[in-house]
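Q: From the sequence below, what's the structure:
(chains A and B)
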Amino acid sequence: MSLVRFLPTPSDRMGIIWSLLAVQGAIVLEYGPAGTTHYSMGLYGGLGLRFQNRLFTTHMSEDDVVMGDVTRLEEALVELDKNYAPKVIFVVASSVTAVIGTDIKGVCRYMQNEVKAKLVAFEQGGFRGDYSVGLAETYKLLVRNLPQKGVAQEKGVYNIIGASAWRYRMASDIWEVKSLLSEALGLSCNACLCCDTSVEELQAMGKAQVNIVLGNEGLAAAQYLEEKFGTPYVYAAPYGYSGTVRFLESVGEAIGEMPQPLVLMRLRMKEKGMSMLSMFAMMGGGKTKQAVVKGDYDLVQGVSAFLEQAGISVVHKICAHSLKAIAEPAADVESYAEEGEWLQLIRGLHATLIFADDVALTQADASNMKVLISAPFMNGVVATHLPFMGEKGADFLLEQIQGYYQK
Amino acid sequence: MGIKEEAMWKMAEKMGMPKSAIEAIKAKQKQGGKTAMPDMGKMMSMMKAMKGDKQDEMRKMAERMGMPPQAVGMDGNELLGRLNRLSRVQTIKDVPQLTTALFPGTHCPLMGAAMIAGGIDDCLLVIVGTDECSYYTKSLTINERYGGIGGRCVSVVLDSHDVTFGSTESMHKAFAEIVEEYQPKCVMLVTTCVIEVIGDDYDAIAEELTRKYQLPVMAVHTEHFKCEDHFPGFERALTACQRIMQPQEGDGSVNVLGQRMGNFADTELHRLLAEAGVKIGVQLPSGCTTEEIRRAPAAKVNIVVHDIALPLAQAMQEQYGIPYVYFNRFAAPEKVLQAYQHLFNYLELPLPAEVDAMLAACKEQEEQLRPLVQGVPYIYGNTQYDCFELNSYLCSLGLVPQLIQSNHLREDNFADIQSILAHADPYICKAANIAPLQYVYDVLHPWFYMGHEFGDRLRAKGIALLHSDPAGKMLGFECSSFLLQAVAKAVSAAKKFREEAGL
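A: Below is the predicted model of the structure:
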């Protein structure tokens, strides 16, 4: 327990709910005090998620807490099943039910006989880690519960795993990834975990030729699908021109196809064009050019690699969440348990190119060049076609880098 | 063509639009012609008119396009069958929820406490709870009132270690940092659900911190599983302010307790007090300082303008002997008159002559309205007025409540309840669950809905919307007058909307 001056890192439970709300055809039922659900609408609305008639709460009374009475949960399940006929009801614990130890899985097990919808229980109440842990758990539970067996594989189809609605401009990134894969390999996306997808798409995940993992939290889910359905996976987040080339080549390799040479050539040409940056560096009189990147693990890694390719030394790679859910994290990626530590670091920066979230950017002094690239963000409207990933993302990042050189 | 647009065309085809027509429009679009997409509203109406499998298919398609899922199995009569009648209610436990699964559900008392802290300019708000509670509260307070992103709302976030071993030690450590960094004048230490479940004694912790740092530290408990909505948060945060107060020499002033919205200086009550030369003391929580709260016991009378301040006023009466006048936003002009009489009696001042004139004006408004509203049915959601006092008044005018939503029921509400029951016996349920209400409208066909709803959605069902938010900034006969005007307007609109809806 420590002092948090700004916004705390979202919990596992928050990550679970924003992921589940991206699944159309399903309902999310929170078993806990109603105030949390009502309070959460601001966040989920800001992430572009639709919750009307899709997010419900049971509320809880003192009797429920003291006596462990789950009647409300049972009644709510029957009621939602009858009233909305969803394919799936995700039952999510609250901090209170997690502390008192309500057996939500057990309730779902016996209530499954009473309802038509498939019941999937999430017992995390916010104490098992931050949102990255919640994302990993969500992807795992979804792929274990929803994909149907016996779905024939279809040529040219892929799934995305590890697309979190929390990431700033995630919809833009998904749009860019889909466009690139369509143009370079003629592929089309089935399910996207978890950004604007549906129960039907999740059920049909087995038809994919390849699973594309954009976030480390999705690795375990992809490995499970490989085991269960024999679907290979590619773990790569396409940041920068060469990162995007590698991404396309890896996906191509997994499905036995060559990406369109013209696309690769275009990306490589742009990469070559980056050599002009050395001219800016020389004009800068040999002053040290340095950057700091703060955000989700894969964004930090990908953007840092691009910056270093552009001749900028990344002095701090700050992961905004814990590294607990990250398989084999890189040694140079920092993660701070206490807000005070990263605050001190950011406040001490001068003349640095900072790619970070809105809170961190407000704490850096004006001598720095600041670029909003991660959550939390304060703007109410988020672009859906201005990515950080892929070719267009690299174009944008390069503009920022050039601006920094010229500053 | 976007996925949504494609889905829209598919939907149009399913509804019977000829494929050739769709192709022709698409071709025209390709050549730069103006779009001729089917209208979304019309499609929704057509969809509702469909039967069986076809309707199911359309519903799925609508969801893919981002429309909310429809409650296919909800039945208004069945919902009403679950409810109690007002005559059968003895305590709040007898007031059922319209459905067990709620959306959006009520606000949290934590939010209530945070809003009170927002009105005390130099009060630091410290949330003790989960990341989630802290995140939402901080988000709520990122505005000028609280000092922006780096402003006076911070949190001490619980982890699993605190849940197992208690949070006292960590709290002391965090508080030392808080004092050093923020140098607060007073601190509202707001605990949330989990703290109450694990049983950490924050009253004792607040005492210790007060002694150690020589500044008022007020523990405010906001566990939502022990209450219905955010009002206990208001109430407890206000009551906690008593800890800041210190005995004072009387200065003949009046304190205004419980005004959350608007500026007291803009109210009718303020004008009459100013004209009578009455000094205004602390206005809690509508913009005051710790120092002003400290001096609050100098007042001659406390004016309680909302129930949330009653416990504080009662505590001040007990400790400092300051009487209070209950001066809520009354609907009935007679109640306003009574409140003015009590107030000026306590102040030992003559009742301003204008009071009679204002009463007469309201009575005249009443008489004009009365013939227009006889037998007009309505549903009560929530307003700025006291729920039962307002409904009792509307019944006395001849209106008929069909359903009353309330999260509160006190012993002293029963006089108004009896008065309502003399005219009607409406259904009663808890508030903040608007999704299933849509199906109740189809059974009850009220003329207007009082509270927060979507006007267009209501209009399509022949119902007018009456919301009373502006009254939150009023006090006195202006509240009665506003209500009478709003009812007249709603009844007039309802006539038109009912005609449009074929009712």
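Q: end-to-end on stretch A:148-167?
A: The stretch stretch A:148-167 measures 29 Å between its terminal residues, going by Cα to Cα, to the nearest Å.
Q: what comes up buried for that stretch?
A: A:Val157, A:Tyr158, A:Asn159, A:Ile160, A:Ile161, A:Gly162, A:Ala163, A:Ser164, A:Ala165, A:Trp166, A:Arg167 (16 or more other Cβ atoms under 10 Å in any protein chain shown). The C-beta positions use only the backbone N, C-alpha and C, and glycine is treated the same way.
Q: Then stretch B:394-409?
A: Buried residues in stretch B:394-409, counting neighbours by 16+ other Cβ under 10 Å, are found at B:394-397, B:399-409.
Q: Those residues of the stretch 301-407 of chain A touching chain B, which are they?
A: Residues of the stretch 301-407 of chain A that fall close to chain B, judged by Cβ under 8 Å from any Cβ of the partner chain: A:Gly340, A:Asp358, A:Val359, A:Thr362, A:Gln363, A:Met378.
Q: wait, is the last one part of a strand?
A: No: secondary structure assignment places A:Met378 outside any strand; it is coil (DSSP: H, G, I helix; E, B strand; the rest coil).
Q: Helix, strand or coil: sort out B:Asn255 for me.
A: strand.
Q: circling back: narrow the buried residues of stretch B:394-409 to those in strands?
A: Using DSSP state E, B:Val400, B:Pro401, B:Gln402, B:Leu403, B:Ile404, B:Gln405 are the members of the buried residues of stretch B:394-409 that sit in strands.
Q: which of those lies closest to chain A?
A: B:Gln405 (14.3 Å; Cβ to the nearest Cβ).
Q: still on that earlier bit, would you check which pair of the buried residues of stretch B:394-409 lies furthest apart?
A: Among the buried residues of stretch B:394-409, the pair separated by the greatest distance (Cβ to Cβ) is B:Leu397 and B:Asn407, at 25.0 Å.
Q: elements contacting the lowest-mean-pLDDT helix or strand in chain A?
A: Considering only helices and strands, the least confidently modelled element of chain A by mean pLDDT, DSSP states H and E is helix A:276-283, at a mean of 74. Using 3 or more Cβ pairs under 8 Å, 6 or more residues apart in numbering or on different chains; DSSP states H and E as the contact criterion, the secondary-structure elements in contact with helix A:276-283 are helix A:390-406.
Q: avg pLDDT for the helix it packs on?
A: Per-region confidence: helix A:390-406 scores 95 on mean pLDDT.
Q: which residues are in contact with it?
A: Contacts to helix A:390-406, defined as Cβ atoms under 8 Å, 6 or more residues apart in numbering or on different chains, come from residues A:173, A:176-177, A:179-180, A:238-241, A:243-244, A:266-267, A:270, A:274, A:277, A:280-281, A:283-284, A:289, A:291, A:303, A:306-307, A:310, A:312, A:353, A:355, A:369, A:371, A:386-388.
Q: What about the residues of the stretch 301-407 of chain A next to chain B, which one has the most neighbours?
A: Neighbour count (other Cβ atoms under 10 Å in any protein chain shown) singles out A:Val359 as the most crowded of these, with 25 neighbours.
Q: For that one, which non-adjacent residue is closest in space?
A: Nearest residue to A:Val359 in three dimensions, chain neighbours excluded: A:Phe6, at 4.6 Å (Cβ to Cβ, 6 or more residues apart in numbering or on different chains).
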